[in-house]
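Here is my input, please return the structure:
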Amino acid sequence: MSEERVRIQDDLYEAVNGEWLKTAVIPDDKPTTGGFSTLAENVEKIMMDDFKALAEGTKETDIKEMRYAISLYKKAIDKERRNAEGIAPVFSVLEKINALETVEDLNEAAADFLLEGLELPVSMEVTEDMEDATRNVFITYGPSIILPDTTYYADDNESGKKLVAVYKDMAQKILKYAPLSEEEQKTYIEDTIAYDALIAGKVKSKLEWSEYYKNNNPMDIEEVASYVAPFDIQKVLTDLYGDKAPSIVVVYDPKAVKEMNGYFSKENFKLYKHWLYVKTLLNATAYLSIELKSLGTTYRRALTGVAADPSLEKEAYQVVSALYKEPVGVYYGRTYFGEEAKKDIVAMVHKIIDTYKLRMQKNTFLADQTKEKAIRKLSTIEVKMGYPDEIKEIWSKLVFDEEDSYYEALCKISKIRTKDLLDELHKPVDRTKWVMPGHMVNACYNPSANDITFPAAILQKPFYSLDQSASENLGGIGAVIGHEISHAFDNNGAKFDENGNLNNWWLDEDFKAFEDLTKDMIEQFDAIEFHGGKVSGELTVSENIADNGGVGVTLEIMHTLEDADYKSYFKNWARIWCMKAKEEYIQLLLANDVHSPTAIRANIPPRNFTEWYEAFDVTETDQMYIAPEKRISIW
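Here you go, the predicted model:
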């Protein structure tokens, strides 16, 4: 890149962030820095200090669940004990796997395996029913694969071949600690790779998963059982639920389930067993000796370009804060999130929703009947801002014994949590649940609840501050709020009604017009070159629709401000997407992430709106120009 300063009319992202990007240093234990990442790093530092103080007794909290978290944290940072125990804590689990001789043996153990988090021939969970968001359903889909996506298994995919080699090398080094002969170690690894290749030919790709409304495929349990035999899914359900076993199962990945005999059969049982053994051991390394822990991150580091593991204390905080996410999030919110800021943000959310309603009323491609239903959906969006008022009962049940090893404690916690989630099958959906904790730097829209969640941790500069101007806040958190609201009307969310049910509330001609605009959005982003690769407009379309909506609705609010500063708005929009990343991580995101690269997220949406051209006198000779007839504004 030329040393000459980039013009904002040619590249908004580079003009705003370029100087910082030149000197920014990515931490050795992270794949990125800047924007979301820097905020997350800062929150992490604050919370690590608090965890240390709580562990040492120099700080106290009245949140009892935090005490369990701190007790687990102490086990995690006990290097001497972890090194002394080595691989031993996982032996009993590995022995159970090795004791399996037949499929019938697996069927007897399968319900316990599911509770213990061991991978079965098909994955199984309980979640909200897409057709009736007030109740839960039992779901099933294919098992997980080693590589990031099915596309990595293509014969001409060199990245996939390199990653498989890294995974095999890592497995070879770790299996030397297992109670297996050298010949057995070699066989187990070869069988793991072979079984993984079988799975990859059946399960959904990232692109297929991105259309999540297509997950809704209810089937009679007898039909599902016929597909997955000789694995006995009916026995699993009976063992879990007795005479209340569900008669209907929702199949999220029909191809993987219907073609299960392509990867699981009596003939392939040995492959499955060795695959399960290797994956279980490799997953366990994170909680065993420090040497095994380091070996176990080899593949992840190669995948993301990360040079080093985090410190033991940082990793302990990361693990524990994820396991006890709600109590930790409430602790963070109560300690560091101000009520004044919360009131201001909530008011902004309602202003954005009201403005969204006005934009719906002015919409040119929807009939009045469809507009009314869209406005009703906007009126019923629930706003979850900051952190929950109360901590759910389950978090006080995640206990373990003082003498337990770190790994054993984690297994107990995981089993209690899994059983609780499976037990929700016959309970009504709890709409008060938060899908993101207060200490997470992120935000989301949940189509099944028709709610938006903004954790306390994201409500900081550059996204938001009481010290920033209204224009800056609208270009930051305001546009992100608008983005999440827009997910209610993206290519997935648009198929759910105001109650969170999968339900066609559109007139056919209206939805056809929306689909045409969606195709335009796909084309606007598709094949944009980035770091030697190309953006997939199809994979990223839902997020691109949301970005477009977020910018559109907040620009409308800008017109109501007496001191509107459009330059500050657009500059802060670019600032929140600032990110410097390892090249390996960039390539990983480009191939697998439903979000467009951050530089493109910063640069494309503004070009669709007149305010951008007026703010910086952008003309057709500038690179940040799109001809009026090619500009898109869906919502």
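
CA only for contacts and neighbour counts going forward, please
Fine.

need the strands for the protein, in chain order.
Taking DSSP state E as the criterion, the chain contains strands spanning 32-33, 123-128, 136-141, 218-220, 248-251, 382-386, 444-446, 451-455, 529-530, 533-534, 580-581.

from the chain's centre, how far out does the third one sit?
Relative to the chain's own centre, strand 136-141 is displaced by 19 Å; criterion: C-alpha atoms, centre = their mean, to the nearest Å.

now it: mean pLDDT?
Model confidence over strand 136-141 averages 98 on the pLDDT scale.

Likewise for the first one?
Per-residue pLDDT over strand 32-33 has a mean of 97.

Also the fourth one?
Mean pLDDT, strand 218-220: 98.

what's that strand in contact with?
Contacting residues not belonging to strand 218-220 are listed as 247-251 [C-alpha atoms under 8 Å, 6 or more residues apart in numbering].

sorry, back to before: which of the strands of the chain sits closest to Y287?
Proximity of those to Y287 was assessed by C-alpha to C-alpha; the nearest stretch is strand 123-128, lying at 23.1 Å.

Mind listing the strands that closest one pairs with, and their directions?
In the sheet, strand 123-128 lines up against strand 136-141 (antiparallel) (DSSP bridges).

got the CA coordinates for the partner strand in CSV?
Extracted in CSV, the C-alpha atoms of strand 136-141 (Å, rounded to 0.1, in the frame of the first residue of the first chain):
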residue,chain,number,x,y,z
ASN,A,136,-39.4,-27.8,23.3
VAL,A,137,-38.5,-30.6,20.9
PHE,A,138,-35.9,-33.4,20.7
ILE,A,139,-33.6,-32.8,17.7
THR,A,140,-31.0,-34.9,15.9
TYR,A,141,-28.4,-34.3,13.2
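
How about that strand, which residues are buried there?
For strand 136-141, the buried set under the neighbour-count rule, 16 or more other C-alpha atoms under 10 Å, comprises 136-141.

Also stretch 612-619?
Under the neighbour-count criterion of 16+ other C-alpha under 10 Å, stretch 612-619 has 612-613, 618 buried.

which among the residues you listed gets closest to H426?
Nearest to H426 among those, counting by C-alpha to C-alpha, is W612 at 51.7 Å.

contacting residues for that closest one?
The neighbours of W612, taking C-alpha under 8 Å, 6+ apart as the test, are 566, 570, 606, 618.

Most neighbours among those residues, which one is it?
F570 (27 neighbours; other C-alpha atoms under 10 Å).

which residue packs closest to T151, ignoring adjacent ones?
Leaving aside its chain neighbours, T151 sits nearest to S205 (7.1 Å; criterion: C-alpha to C-alpha, 6 or more residues apart in numbering).

pLDDT at that neighbour, what is it?
For S205, the pLDDT comes out at 97.

how close does it sit to E119?
When C-alpha to C-alpha, to the nearest Å is applied, the distance between S205 and E119 equals 19 Å.

neighbour count winner among these two?
Summary of the neighbour comparison: S205 and E119, criterion other C-alpha under 10 Å, with E119 having more neighbours (19 against 16).

Just give the closest residue to that one, not the sequence neighbours.
With C-alpha to C-alpha, 6+ apart, the residue lying closest to E119 is L276, at 6.5 Å.

Same check on M48?
Y317 (6.4 Å).

One more: T32?
Per C-alpha to C-alpha, 6+ apart, closest to T32 is A581, 4.2 Å.

before we move on, what about S596?
Nearest-residue entry for S596: T540, 5.9 Å, with adjacent residues in sequence omitted and distances by C-alpha to C-alpha, 6+ apart.

Go ahead and confirm the one you found touches H595.
Yes. In this structure, T540 is within contact of H595 by C-alpha atoms under 8 Å, at 5.2 Å.

on that earlier part again, would TSV of the buried residues of stretch 612-619 with pLDDT and distance to I545 be doable?
As requested, the buried residues of stretch 612-619 are exported to TSV (pLDDT from 0 to 100; distance: C-alpha to C-alpha, whole Å):
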residue	pLDDT	distance to I545
W612	98	18
Y613	98	20
V618	98	23
